[in-house]
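In: only the shape, not the letters, is given here:
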């Protein structure tokens, strides 16, 4: 799908590919989940020929936009809302959370965010603020070290917010962060 993502004028094709792939995986996994439940009710071992599925989407705001419809959106929203039950997981990556559909943010179980400075982005992720968080996200971002690699990790399962440091990448990086000054 990433090849389609880069092609100008191929946005519709990209959405169709993700929508069809997502729907097919969802339907197949639902069938296998039903088989697993039947086996459990019969006292048999819960085995499946189809493993749990992880769908990872970069530039998620392009497939799950906040203010517009596309073919992939409804399929991915179905993953977000009920995907855990049949054994489906969705990993979304974006640098533009304010452009992402609100349900994609509010249904998030695990959230990782590097430092953000855009108020629109911070407000968008503030929808995640569960009752166990003691302050707004913008306060946490202000308290983060400014060094490269630091991120906030919000884990809804443990009901904790962690400050983590991500190791530097070992692979080649085609992009560089623009800076007016050398570090």
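Out: Yep, that arrived. Since the structure is predicted, the reported quantities are computational estimates derived from the model, not experimental observations. Numbers count the residues shown, from 1 in each chain.

In: chain neighbours aside, what residue packs nearest to residue 22?
Out: With CB to CB, 6 or more residues apart in numbering as the criterion, residue 22 has its nearest non-adjacent residue at 4.2 Å, and that residue is residue 75. Heads up, the C-betas are built off the backbone N, CA and C, glycines and all.

In: quick one, what contacts the residue nearest the centre of the chain?
Out: Nearest residue to the geometric centre of the chain (CA atoms, centre = their mean): residue 92, 2.2 Å. Contact partners of residue 92, counting by CB atoms under 8 Å, 6 or more residues apart in numbering, are 57, 60, 64, 100, 104.

In: for the chain, just list every one of the helices.
Out: Along the chain, the stretches classed as helices by DSSP state H are 2-6, 11-41, 60-63, 71-82, 102-106, 119-125, 137-143.

In: quick one: closest of those to residue 169.
Out: Of all the helices of the chain, it is helix 2-6 that lies closest to residue 169, at 17.6 Å by CB to CB.

In: most neighbours, which of the contacts of residue 92?
Out: In terms of neighbours by other CB atoms under 10 Å, the contacts of residue 92 top out with residue 64 at 27 neighbours.

In: so it sits against residue 75, correct?
Out: No. The pair residue 64 / residue 75 is not scored as a contact, 9.8 Å apart, by CB atoms under 8 Å.

In: since that was my last question, I'll sign off now.
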